[in-house]
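> mind folding the following:
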Amino acid sequence: MKSRTEKAREHIMKNKWVKRLLLASAAGLLAGGICVGAGTAMGGSPMFYVNAQGIHVKEDQKPEDSADYRLEATETGTLQNIHIDMAEADIRLVSGERFAAEYVLNGQRLAPGYSVSGGTLTITESSSWKSGANFHFWGGMWESEEGSVSPYVQITVPKNAVLSDVELSNKYGDIRIDTKLNAKDLTVRAENGEVRMEDWNGGSFELEMTYGEFRGGSLSGKNVDIQSESGGVSLGGLKADAAEVEMEYGELEATLEKPCRLNIQNGNGNILLLLNGSEKEYSLNLYTEYGIISTPRKTVEPYEDEGDSGAEYIRTGSGKAEIYADAEYGDITVRELKK
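So this is what the prediction gives:
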């Protein structure tokens with residue numbers, strides 16, 4: 001079994017290689033940016049696409065080929081389900097008087113799908129390009145007759161509406177829920193983009209995030225399940241009966257506003273837990289292999305005994321709340337909220 005010192009040395013070497021890779025990537029991006037800037041200054045275009053016929057700049061395209069897809073704000077009637085699947089456009093849910101949908105989507109792609117049937121709204125953005133191109137670069141925007149356009153789809157939801165099933169998926173784009181959403185089942189999948197959400201109330205909330213950050217307001221329901229590969233997670237007010245948070249790389253901050261069962265696993269990153277009430281009301285089972293545990297009543301540093309290492313803190317509380325947190329590389333901090 002490797003000692004704590006050996007493991008730490010391996011971790012340091014791994015971080016050195018990661019830093020070197022990041023520095024090399026940054027240098028490449030800087031050099032590319034300089035070249036793009038120089039080319040643009042001489043009258044060139046930084047926007048291009050690639051297909052079977054070669055590399056083309058935006059000036060080569062016909063107006064009819066590049067016209068974006070537009071849906072003006074359109075009332076949908078009462079909805080029970082909302083299913084949105086985007087390739088690159090931002091997704092926004094906002095509050096309003098009536099259910100409505102609108103979007104502006106990239107005309108370089110094949111036509112999007114739009115339907116309202118049986119109380120279910122479905123909008124999908126094609127992942128395929130019109131000309132069979134396998135790579136396009138528009139810097140997150142493209143040029144239309146109206147000028148620079150940022151792709152988006154926006155759904156308006158009445159303030160007191162209660163939804164059954166909401167699914168929001170995005171490959172390259174942000175997701176924002178700027179309303180207090182009542183949904184029995186809420187599923188959010190984001191590959192490369194940020195997720196921002198106000199309050200949610202319902203039965204089950206599931207978040208799958210690859211690269212990005214999540215910031216949520218009050219989450220009130222039966223179950224919350226969050227999985228993140230790389231990026232920070234901030235839970236402004238956790239009120240769920242049970243919650244699981246599994247992360248590989250990133251910082252976690254969670255405010256517990258009511259007693260619950262909380263299970264946290266974080267590979268590389270700090271964990272900060274803010275308790276609504278006294279620590280004595282919470283049963284805590286905390287462990288970090290390389291880090292320090294700090295609670296209002298005790299600080300535990302890593303120990304090494306016969307090849308074992310890490311910091312551990314276990315105590316039984318007087319209430320129903322149960323918190324389990326496990327971190328490989330990172331500190332675990334528990335604080336009591338001031339009343």
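
> low-confidence regions, the chain specifically.
Where the chain drops to pLDDT under 70, the residues are 1-66, 131-149, 304-308, 339.

> in the stretch 201-339 of the chain, which spans are strands?
For the stretch 201-339 of the chain, strands defined by DSSP state E, counting those that start in this stretch occupy the ranges 214-230, 233-238, 242-249, 252-256, 261-268, 271-275, 282-290, 293-294, 299-300, 303-305, 308-315, 321-329, 332-336.

> need these in a markdown table (columns: mean neighbour count and distance to Tyr172).
Any C-beta I mention is one placed from the backbone N, CA and C, and that applies to glycine too. Below are the strands of the stretch 201-339 of the chain laid out as a markdown table (neighbours: other Cβ atoms under 10 Å; distance: least, Cβ to Cβ, whole Å):
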| stretch | mean neighbour count | distance to Tyr172 |
| --- | --- | --- |
| strand 214-230 | 19 | 15 |
| strand 233-238 | 21 | 20 |
| strand 242-249 | 19 | 20 |
| strand 252-256 | 21 | 24 |
| strand 261-268 | 19 | 25 |
| strand 271-275 | 22 | 29 |
| strand 282-290 | 20 | 34 |
| strand 293-294 | 22 | 38 |
| strand 299-300 | 14 | 42 |
| strand 303-305 | 10 | 45 |
| strand 308-315 | 16 | 38 |
| strand 321-329 | 20 | 29 |
| strand 332-336 | 20 | 33 |
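
> export those strands to TSV and tack on distance to Tyr152?
Below are the strands of the stretch 201-339 of the chain laid out as TSV (distance: least, Cβ to Cβ, whole Å):
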stretch	distance to Tyr152
strand 214-230	19
strand 233-238	24
strand 242-249	28
strand 252-256	28
strand 261-268	32
strand 271-275	33
strand 282-290	41
strand 293-294	42
strand 299-300	47
strand 303-305	52
strand 308-315	46
strand 321-329	37
strand 332-336	38
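
> quick one: which of the ones you listed is nearest Asp199?
strand 214-230 (4.3 Å; Cβ to Cβ).

> just want the angle from that closest one to strand 233-238.
140 degrees (axes from the mean of the first three to the mean of the last three Cα atoms, to 10 degrees).

> and for strand 214-230, what's in contact with it?
Residues from elsewhere that reach strand 214-230 (Cβ atoms under 8 Å, 6 or more residues apart in numbering): 194-211, 231-250, 257.

> how far out from the middle of the chain is that strand?
Its chain's C-alpha centre and that of strand 214-230 lie 10 Å apart, by Cα atoms, centre = their mean, to the nearest Å.

> ditto for stretch 233-251
A distance of 12 Å separates the centroid of the chain from that of stretch 233-251, by Cα atoms, centre = their mean.

> how far does that stretch stretch from start to finish?
Taking Cα to Cα, to the nearest Å, stretch 233-251 runs 6 Å from one end to the other.

> just stretch 108-120 next, same as before
For stretch 108-120, the end-to-end distance is 27 Å (Cα to Cα).

> just the buried residues of it, please?
108-109, 112, 114, 116 (16 or more other Cβ atoms under 10 Å).

> of the residues you listed, which belong to strands?
Within these, residues falling in strands by DSSP state E are 114, 116.

> make a markdown table out of the buried residues of stretch 108-120 and add distance to Leu186.
Listed next are the buried residues of stretch 108-120 as a markdown table, based on distance: Cβ to Cβ, whole Å:
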| residue | distance to Leu186 |
| --- | --- |
| Gln108 | 31 |
| Arg109 | 27 |
| Pro112 | 23 |
| Tyr114 | 21 |
| Val116 | 20 |
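
> out of the buried residues of stretch 108-120, which two sit at the greatest distance?
Using Cβ to Cβ, the pair of the buried residues of stretch 108-120 lying farthest apart is Gln108 and Val116, separated by 25.7 Å.

> and Gly77, how many neighbours does it have?
Counted with other Cβ atoms under 10 Å, the neighbours of Gly77 add up to 10.

> so it makes contact with Val116?
Yes: Gly77 is within contact range of Val116, at 6.8 Å (criterion: Cβ atoms under 8 Å).

> so what sits opposite Ala190 in the bridge?
Asn170, Met209 (DSSP bridges).

> actually Val224, sorry about that
Here Val224, judged by DSSP bridges, has bridge partners Phe205, Ala243.

> got the contact list for stretch 287-305?
Stretch 287-305 has contacts (Cβ under 8 Å, 6+ apart) with 3-4, 7-8, 11, 270, 279, 284, 286, 309-313, 325-336.

> if we use 6 Å, what do you get?
For stretch 287-305, the external contacting residues (Cβ atoms under 6 Å, 6 or more residues apart in numbering) are 4, 279, 286, 309-313, 326-334, 336.

> what do you get for stretch 267-274?
248-255, 325, 327-335, 337.

> do me a favour and get the end-to-end distance for it?
Termini of stretch 267-274 sit 20 Å apart (Cα to Cα).

> got it, and stretch 167-186?
Terminal residues of stretch 167-186 lie 6 Å apart, using Cα to Cα.

> quick check: buried residues in that stretch?
Buried residues in stretch 167-186 (16+ other Cβ under 10 Å): 167-171, 173-177, 179, 181-186.

> same question for stretch 69-77.
Buried residues in stretch 69-77, counted by 16+ other Cβ under 10 Å: 69, 76.
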